[in-house]
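S.K.: Need a 3D model of the following:
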Amino acid sequence: MNHSKGTALITGASRGIGAVYADRLAKRGYDLIVVARGQAQLEALAARLANETGRSVTPLPIDLNDKTDLAKVETTLRDDQTITMLVNNAGIASVAPLLNADVEKMADMIALNVTALTRLTYAAAPAFVARGAGTIINIASIVGISPETLNGVYGATKAYVIALSHSLQHELADKGLRIQAVLPGATATDLWEIAGLPWQNLPASIVMSPEDMVDAALVGLEQGELVTIPSLHEGGDWMRFEAARRAISKQFGNSKPASRYRVGAHSLA
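M.R.: Sure, this is the predicted structure:
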């Protein structure tokens with residue numbers, strides 16, 4: 001058996017992007033802890049990957065929107081010294097216009113896409129810092145930059161993931177941690193069907209296979225990218241966008257409002 005690279009814990013691992021990550025990381029020499037709600041699917045995946053790769057694959061049937069279940073995963077991340085990677089992949093989407101969307105469903109989406117991801121990150125990051133190494137991969141979405149594209153709460157949850165990833169990169173890069181935000185575009189998974197718009201109804205020219213998406217994202221990780229957008233062909237466009245964001249950020253600290261607001265200009269008009 002080849003030497004283990006440690007254990008990767010993957011959420012939302014039973015199908016779609018998470019299942020491809022499980023496959024690819026096992027084949028790269030990682031042992032796995034695979035987390036998802038669907039116990040039968042999860043156990044079948046674990047058995048297949050263990051048989052194909054010879055790696056240790058532990059299924060953890062968990063509902064991350066259940067606080068008790070979520071706490072079990074947090075404890076695992078804190079206590080299992082073999083864990084070297086966290087893939088925060090679990091998430092749900094919505095394509096419903098904001099005013100047509102059930103606020104309870106939106107709250108559930110925030111609980112999974114934001115709260116659970118944050119709690120798992122808070123469990124993993126200090127443990128990785130203590131061990132001097134670790135990788136956190138956060139699966140965001142292009143809608144985090146383009147919230148007008150689909151449901152606004154969905155876009156906002158993914159904008160949160162991108163912002164959190166930037167902050168983690170800023171704080172933890174010099175502590176031996178790798179943080180990568182992955183921004184898939186439309187990907188051929190049942191996330192779309194659950195959200196109310198099957199990907200088969202989208203133009204084929206914009207839909208990427210989950211295998212291609214994950215393979216590209218792993219190359220991006222190997223190349224040291226902080227943000228990976230597999231569907232963006234002009235990488236220079238992102239570099240310019242990101243440079244402009246960082247440049248404008250340096251201009252926000254001023255004791256006086258900008259002249260265009262005429263604050264303090266005692267006009268009688």
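S.K.: My read is that residue 173 contacts residue 179, right?
M.R.: Yes. Under the criterion of Cβ atoms under 8 Å, residue 173 makes contact with residue 179 at 7.3 Å. C-beta: built from backbone N, CA, C; applies to glycine.
S.K.: neighbour-wise, which of these two wins?
M.R.: More neighbours surround residue 179 than the other of residue 173 and residue 179, with 24 against 12 (other Cβ atoms under 10 Å).
S.K.: was I right about the more buried one contacting residue 169?
M.R.: Yes. Counting by Cβ under 8 Å, residue 169 is a contact partner of residue 179 at 4.6 Å.
S.K.: which residues do those two both contact?
M.R.: Residues touching both residue 179 and residue 169 (Cβ atoms under 8 Å, 6 or more residues apart in numbering): residue 226.
S.K.: Of all the residues in whatever helix or strand residue 73 lives in, which ones are buried?
M.R.: Element membership for residue 73, per DSSP states H and E: helix 67-79. By 16 or more other Cβ atoms under 10 Å, the buried positions in helix 67-79 come out as 69, 70, 73, 74, 76, 77.
S.K.: could you measure the third one against residue 80, distance?
M.R.: Here residue 73 is placed at a distance of 10 Å from residue 80 (Cβ to Cβ, to the nearest Å).
S.K.: Likewise for residue 246?
M.R.: In this structure, residue 246 and residue 80 are 36 Å apart, going by Cβ to Cβ.
S.K.: which one of those two has more residues nearby?
M.R.: Using other Cβ under 10 Å, the more surrounded residue of residue 246 and residue 80 is residue 80, with 14 against 10.
S.K.: which residues touch that one?
M.R.: 7, 33.
S.K.: likewise residue 4?
M.R.: Residue 4 neighbours (Cβ under 8 Å, 6+ apart): 29, 30, 31, 55, 56, 82.
S.K.: Got a ChimeraX select line for the buried ones in those?
M.R.: Selecting only the buried entries of these in ChimeraX, with 16+ other Cβ under 10 Å as the criterion:
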select :30,31,55,56
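S.K.: Make CSV from the buried residues of helix 67-79 and add distance to residue 6 and pLDDT to it.
M.R.: Shown next, in CSV, are these (distance: Cβ to Cβ, whole Å; pLDDT from 0 to 100):
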residue, distance to residue 6, pLDDT
69, 24, 97
70, 22, 98
73, 17, 98
74, 18, 98
76, 14, 98
77, 13, 97
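S.K.: Regarding stretch 112-121, how distant is the last residue from the first?
M.R.: Distance across stretch 112-121, first residue to last, is 13 Å (Cα to Cα, to the nearest Å).
S.K.: ok, residues contacting it?
M.R.: 11, 64-65, 70, 73-74, 77, 86, 88, 90-92, 136, 138, 154, 157-158, 160-161, 164, 168.
S.K.: what about that stretch, average pLDDT?
M.R.: When pLDDT is averaged over stretch 112-121, the result is 98.
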